[in-house]
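Student: show me the folded form of this:
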Amino acid sequence: GGGRFASRTRTFSTVTAGLLELAAWLEAEQVQAVAMEATATYWKPVYYLLEGSFDARLVNPRDVRQVKGRKTDVKDAQWLAQLLQHDLVRSSFVPEAPVRDLRELTRGRAHLKADRTRAVNRLEKQVEETGLKITAVTSAVLGASTRAMLEALVAGERDPAVLADLAKGSLRAKRSELERALRVARFSEASAFMIGQSLSAIDMIDAQTRAYEERIAAAMRPFGRARELLVTIPGVSEHISAVILGAIGADVSAFPTAAHLASWAGVCPGNNRSAGREGSAATTHGDSYLRGALGMAAGHIARSSSPPCYLKSYYARVRKRRGARRAQVALQHKIIVAVWHMLAAGVAYAELGADYFDRRPRPARQRADHAKRLLEELSQEGYDVTRLLPSPAA
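Tutor: Predicted coordinates for the structure are as follows:
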């Protein structure tokens with residue numbers, strides 16, 4: 001009353017019963033809006049329980065950091081309440097429950113992929129420590145032939161000729177090399193046990209990954225139309241489209257413009273300008289899983305030998321001037337901007353063509369810069385460009 005700020009402080013348990021008591025107390029106090037800091041994953045149970053009954057806002061701690069020397073839980077809560085009272089907090093993007101489920105599933109699949117990579121590296125290290133040089137003959141430590149040899153070694157077979165005869169396909173032509181690579185002075189039972197455990201761990205991870213793929217396919221059914229649109233972008237596969245939709249969902253209304261989405265994803269330059277000086281313009285922090293998916297799509301476009309397209313032509317132009325790393329980020333920015341426009345308008349990707357930059361009209365300044373670059377290239381190749389003059393039509 002009278003425009004004065006009053007506060008009441010209570011402490012609740014974080015178990016479900018305590019959170020329900022918190023919700024009941026907030027309703028009794030006629031609270032309408034709730035703000036909370038995003039602290040690791042500890043905010044999720046509280047937010048998910050309150051979001052249906054209140055205007056729940058998740059706040060980045062970086063935006064509401066207290067002055068040093070005034071850090072307590074109670075003071076933080078009071079400060080958040082005052083900021084919320086004056087509408088001075090920016091709510092972080094928290095998608096709907098179906099999108100959150102898809103997000104957790106795709107992130108779990110990414111963790112399994114990383115676990116499998118570590119398990120394969122551990123297996124290769126164990127094989128090298130025994131003196132086996134299989135990888136000197138075949139690069140695939142988990143190929144069909146190599147897997148059969150390792151399983152035979154774990155089962156007790158030690159004859160190099162018998163092991164080499166397990167080779168399949170084109171590798172059978174290298175049996176003599178395999179015999180030399182499979183001859184070791186000592187292959188202990190401990191080594192056989194550890195290699196067997198590593199193979200079992202990889203099989204278990206593969207089974208878990210297949211289970212995740214099935215659940216992701218089921219979670220993607222409500223986003224069927226959005227998935228059909230995204231896979232029309234060069235470099236975006238079913239796998240990448242699931243990660244993108246799990247990060248932002250099919251409704252991009254939370255992002256006013258494509259630039260907002262690119263900034264949130266962390267694929268645009270940062271601003272660091274003060275007193276007329278330009279500092280580092282490194283990209284901002286964003287969703288690491290979304291950036292990884294965009295990086296996979298950009299890498300596929302850059303390495304693809306398929307017919308050239310607009311995105312590949314754009315990557316080549318930027319790489320020539322700014323280098324491969326900056327060109328990768330620029331390509332990721334192009335992809336996420338296309339994603340926003342496609343989901344906002346509900347339209348498929350429109351291919352502009354690899355010759356788009358040659359067909360579009362360019363200002364005189366750009367034409368002059370382009371001619372200057374061409375002359376410099378001809379000069380570097382040893383041609384005399386001193387007599388070249390622009391035609392009247394130019």
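
Student: next up, the contacts around residue 284.
Tutor: 263, 266, 268, 270 (C-beta atoms under 8 Å, 6 or more residues apart in numbering). Bear in mind the C-beta positions are built from the backbone N, C-alpha and C, glycine included.

Student: what residues are up against the last one?
Tutor: This means residue 270. Applying C-beta under 8 Å, 6+ apart, the residues near residue 270 are 280, 281, 282, 283, 284.

Student: please tell me how far the second one sits from residue 230.
Tutor: Taking C-beta to C-beta, to the nearest Å as the measure, residue 281 falls 29 Å from residue 230.

Student: what segments of the stretch 1-150 of the chain are helices?
Tutor: In the stretch 1-150 of the chain, the helices defined using DSSP state H, counting those that start in this stretch lie at 16-28, 43-50, 73-85, 97-129, 144-155.

Student: can you give me the strands for the chain?
Tutor: 33-37, 55-59, 273-274, 277-278 (DSSP state E).

Student: pull the first one out as CSV, backbone CA atoms only.
Tutor: Below are the C-alpha coordinates for strand 33-37, written out as CSV (Å, rounded to 0.1, in the frame of the first residue of the first chain):
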residue,chain,number,x,y,z
ALA,A,33,4.5,-13.4,-11.2
VAL,A,34,7.5,-15.3,-10.0
ALA,A,35,11.1,-14.8,-11.0
MET,A,36,13.9,-17.3,-10.4
GLU,A,37,17.6,-17.6,-11.3
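
Student: could you give the mean pLDDT of that strand?
Tutor: Averaged over strand 33-37, pLDDT sits at 93.

Student: report the central residue of this structure.
Tutor: When C-alpha atoms, centre = their mean is applied to the chain, the residue found nearest the centroid is residue 292 (2.2 Å).

Student: pLDDT wise, what is it at?
Tutor: pLDDT at residue 292 comes out at 93.

Student: about what we covered before: by neighbours, which of the contacts of residue 270 wins?
Tutor: Neighbour count (other C-beta atoms under 10 Å) singles out residue 283 as the most crowded of these, with 18 neighbours.

Student: what score does the nearest residue to that one once chain neighbours are set aside have for pLDDT?
Tutor: Nearest residue to residue 283, sequence neighbours excluded (C-beta to C-beta, 6 or more residues apart in numbering): residue 266, at 5.5 Å. With respect to pLDDT, residue 266 scores 91.

Student: now do residue 143
Tutor: With respect to pLDDT, residue 143 has a value of 86.

Student: give me the neighbour count for the residue nearest to it when sequence neighbours are not counted.
Tutor: Among residues not flanking residue 143 along the chain, residue 171 sits closest, at 7.8 Å (C-beta to C-beta, 6+ apart). Burial of residue 171 is recorded as 19 neighbouring residues (other C-beta under 10 Å).

Student: looks like residue 171 contacts residue 139 (just checking).
Tutor: No - contact between residue 171 and residue 139 fails when scored by C-beta atoms under 8 Å: they sit 11.0 Å apart.

Student: the residue nearest to residue 283 touches residue 282, doesn't it?
Tutor: No - between residue 266 and residue 282 there is no contact under C-beta under 8 Å: 10.0 Å.

Student: correct me, but residue 37 touches residue 80?
Tutor: Yes - Residue 37 is within contact range of residue 80, at 7.1 Å (criterion: C-beta under 8 Å).

Student: list residues touching both of those two?
Tutor: Listed as contacting both residue 37 and residue 80 by C-beta under 8 Å, 6+ apart are 59, 64.

Student: re earlier: ok, the residue nearest to the centre of the chain - contacts?
Tutor: 110, 243.

Student: how near is it to residue 249?
Tutor: 18 Å.

Student: same question, residue 103
Tutor: In terms of C-beta to C-beta, residue 103 sits 9 Å off from residue 249.

Student: cool, and residue 153?
Tutor: Distance of residue 153 to residue 249, given as C-beta to C-beta: 49 Å.

Student: same check on residue 348?
Tutor: Distance of residue 348 to residue 249, given as C-beta to C-beta: 18 Å.

Student: likewise residue 101?
Tutor: From residue 101 to residue 249 the distance is 11 Å (C-beta to C-beta).

Student: and residue 144, by the same measure?
Tutor: Taking C-beta to C-beta, one finds residue 144 at 41 Å from residue 249.

Student: so between these two, which is more surrounded?
Tutor: More crowded of residue 144 and residue 249, by other C-beta under 10 Å: residue 249, with 22 against 12.

Student: mind listing what the more buried one touches?
Tutor: With C-beta under 8 Å, 6+ apart, residue 249 has these contacts: 95, 96, 99, 223.

Student: just the buried ones among these, please.
Tutor: 95, 99, 223 (16 or more other C-beta atoms under 10 Å).

Student: got those residues as a markdown table, with distance to residue 11 and pLDDT columns?
Tutor: Below are these laid out as a markdown table (distance: C-beta to C-beta, whole Å; pLDDT from 0 to 100):
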| residue | distance to residue 11 | pLDDT |
| --- | --- | --- |
| 95 | 30 | 91 |
| 99 | 33 | 95 |
| 223 | 41 | 95 |
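
Student: closest one of those residues to residue 308?
Tutor: residue 223 (30.1 Å; C-beta to C-beta).

Student: distance of the closest one from residue 256?
Tutor: Residue 223 is 22 Å from residue 256, by C-beta to C-beta.

Student: equivalent analysis for residue 86, please.
Tutor: Going from residue 86 to residue 256 by C-beta to C-beta gives 22 Å.

Student: repeat that for residue 48.
Tutor: Distance, residue 48 to residue 256, by C-beta to C-beta: 26 Å.

Student: and the strands of the chain as CSV, adding distance to residue 376?
Tutor: Below are the strands of the chain laid out as CSV (distance: least, C-beta to C-beta, whole Å):
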stretch, distance to residue 376
strand 33-37, 54
strand 55-59, 52
strand 273-274, 31
strand 277-278, 26
